[in-house]
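A.B. asks: sequence-free structure coming up:
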């Protein structure tokens with residue numbers, strides 16, 4: 001028997017989302033749990049992952065599942081087994097693959113969640129047919145993946161693509177990674193919410209409509225709420241998204257200078273804003289690009305697979321890796 005299904009797990013700062021994925025990249029079954037608070041031990045998060053995997057194995061049938069792929073929001077070592085550092089979780093040199101393999105019967109592979117999303121978009125989504133792809137995931141922070149000629153580029157130590165921690169503002173906002181002025185402090189979901197809340201703290205009248213949507217409670221203000229307000233025409237919400245888009249364009253221009261890809265695929269939760277975000281990103285990219293007017297410009301496109309990209313890619317990479325090992 002040649003199992004055709006794989007399980008993908010996408011671990012973020014707020015959720016553990018899983019799915020059973022077939023060879024065409026279609027999610028046939030789903031499961032989800034909230035990510036335990038970061039103060040909890042790594043074993044609690046791992047227990048949550050095992051719960052999701054067990055639920056999915058039961059509905060898919062263990063005999064039909066070739067492998068489990070874990071997409072982790074953190075620095076994953078070249079061994080695709082160890083999470084070296086996770087800014088939004090409590091993992092530090094965590095032997096995640098070993099810990100999970102003791103409790104799961106099929107092969108497990110660990111990868112960075114943005115690497116997994118990049119693979120999924122290249123194989124099944126917006127980047128099909130492109131040889132040089134850079135994936136940027138905008139969520140709680142910023143993740144990134146690099147794919148060249150169908151191969152994920154993980155770097156010498158496995159940690160390539162951590163674009164969110166490029167410094168763009170010396171001495172800027174403190175980042176959870178420990179440095180200041182990281183890109184994700186200016187172009188992520190956290191940045192969007194922080195800027196909106198700062199308007200409230202300043203008692204700015206232009207934020208009154210947003211505050212009404214949040215029922216007068218600053219803590220109720222979230223990225224999805226701001227995005228919906230922008231879609232509904234709220235000028236302040238649109239301005240906030242455009243500002244995030246500007247910072248996104250600055251970082252993309254820097255990445256283009258360094259890597260010269262053919263396409264940037266923008267995914268993650270914040271990308272749900274669509275053109276409200278991408279229009280300003282493209283405009284800033286054109287203004288900031290080195291050699292502008294004399295060089296080809298990479299396309300900047302929205303991801304097609306939405307929030308499923310990470311789990312689809314994690315599953316398909318795990319299946320692919322299992323096949324490579326048996327060839």
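C.D. replies: Looks like it came in fine. What you are looking at is a predicted structure, and each value in this text was computed from that prediction instead of being measured.

A.B. asks: So what's the residue count around residue 15?
C.D. replies: Using other C-beta atoms under 10 Å, residue 15 has 15 neighbouring residues. Where C-beta positions appear, they are placed from N, C-alpha and C, glycine not excepted.

A.B. asks: Give the phi and psi angles for it, as a check.
C.D. replies: Per-residue torsions, residue 15: phi -150, psi 160 (degrees, to the nearest 10).

A.B. asks: Okay, and the beta partners of it?
C.D. replies: residue 34 (DSSP bridges).

A.B. asks: all strands for the stretch 101-250 of the chain, in order.
C.D. replies: Here the stretch 101-250 of the chain has its strands, by DSSP state E, counting those that start in this stretch, at 108-112, 132-138, 142-148, 151-152.

A.B. asks: Mind listing residues that contact the last one?
C.D. replies: Translated: strand 151-152. 111, 115, 118-119, 145-146, 317 (C-beta atoms under 8 Å, 6 or more residues apart in numbering).

A.B. asks: Could you work out the most separated pair of the residues you listed?
C.D. replies: Farthest-apart pair in these is 146 and 317; separation 14.1 Å (C-beta to C-beta).

A.B. asks: more crowded one of these two?
C.D. replies: In this view residue 146 and residue 317 are compared by other C-beta under 10 Å, and residue 317 has more residues nearby, 26 against 22.

A.B. asks: Can you check what angle separates the host helix or strand of the more buried one from strand 132-138?
C.D. replies: Element membership of residue 317 [criterion: DSSP states H and E] is helix 309-326. Interaxial angle, helix 309-326 versus strand 132-138 (axes from the mean of the first three to the mean of the last three C-alpha atoms, to 10 degrees): 130 degrees.

A.B. asks: buried sites along helix 309-326?
C.D. replies: Residues of helix 309-326 classed as buried by neighbour count (16 or more other C-beta atoms under 10 Å): 309-322.

A.B. asks: for stretch 90-100, same thing?
C.D. replies: For stretch 90-100, a neighbour-count test (16+ other C-beta under 10 Å) marks 90-91, 94-97, 99-100 as buried.

A.B. asks: separation between residue 99 and residue 213?
C.D. replies: 42 Å (C-beta to C-beta, to the nearest Å).

A.B. asks: contacting residues for the closest residue to residue 130 other than its chain neighbours?
C.D. replies: The shortest distance from residue 130 to any non-neighbouring residue, by C-beta to C-beta, 6 or more residues apart in numbering, is to residue 263 (4.7 Å). Counting by C-beta under 8 Å, 6+ apart, residue 263 touches 126-127, 130, 132-134, 298-301.

A.B. asks: wait, isn't residue 271 in contact with residue 277?
C.D. replies: Yes. With contact defined as C-beta atoms under 8 Å, residue 271 reaches residue 277; the gap is 6.7 Å.

A.B. asks: Mean pLDDT per element in the protein, and the minimum belongs to which helix or strand?
C.D. replies: Lowest mean confidence among the helices and strands of the chain (mean pLDDT, DSSP states H and E): helix 208-213, at a mean of 89.

A.B. asks: Now it: buried residues?
C.D. replies: Using 16+ other C-beta under 10 Å as the burial criterion, the residues of helix 208-213 that qualify are 209-211, 213.

A.B. asks: Just the residues contacting that helix, thanks.
C.D. replies: Contacts for helix 208-213 (C-beta under 8 Å, 6+ apart): 196, 199-200, 218, 221, 225-226, 228-229, 234, 236-237.

A.B. asks: And these, which of them are buried?
C.D. replies: The buried subset of the contacts of helix 208-213 - by 16+ other C-beta under 10 Å - is 196, 199-200, 221, 225-226, 229, 234, 236-237.

A.B. asks: Sort these by pLDDT and name the bottom one.
C.D. replies: Lowest pLDDT among these: residue 200, with 84.

A.B. asks: For that residue, which non-adjacent residue is closest in space?
C.D. replies: Closest residue to residue 200 apart from its sequence neighbours, by C-beta to C-beta, 6+ apart: residue 218 at 5.0 Å.

A.B. asks: Per-residue confidence, residue 37, what does it come out as?
C.D. replies: Looking at residue 37, its pLDDT stands at 63.

A.B. asks: re earlier: isn't the residue nearest to residue 200 up against residue 198?
C.D. replies: No. Look at residue 218 against residue 198 with C-beta under 8 Å: they stay out of range, at 10.0 Å.
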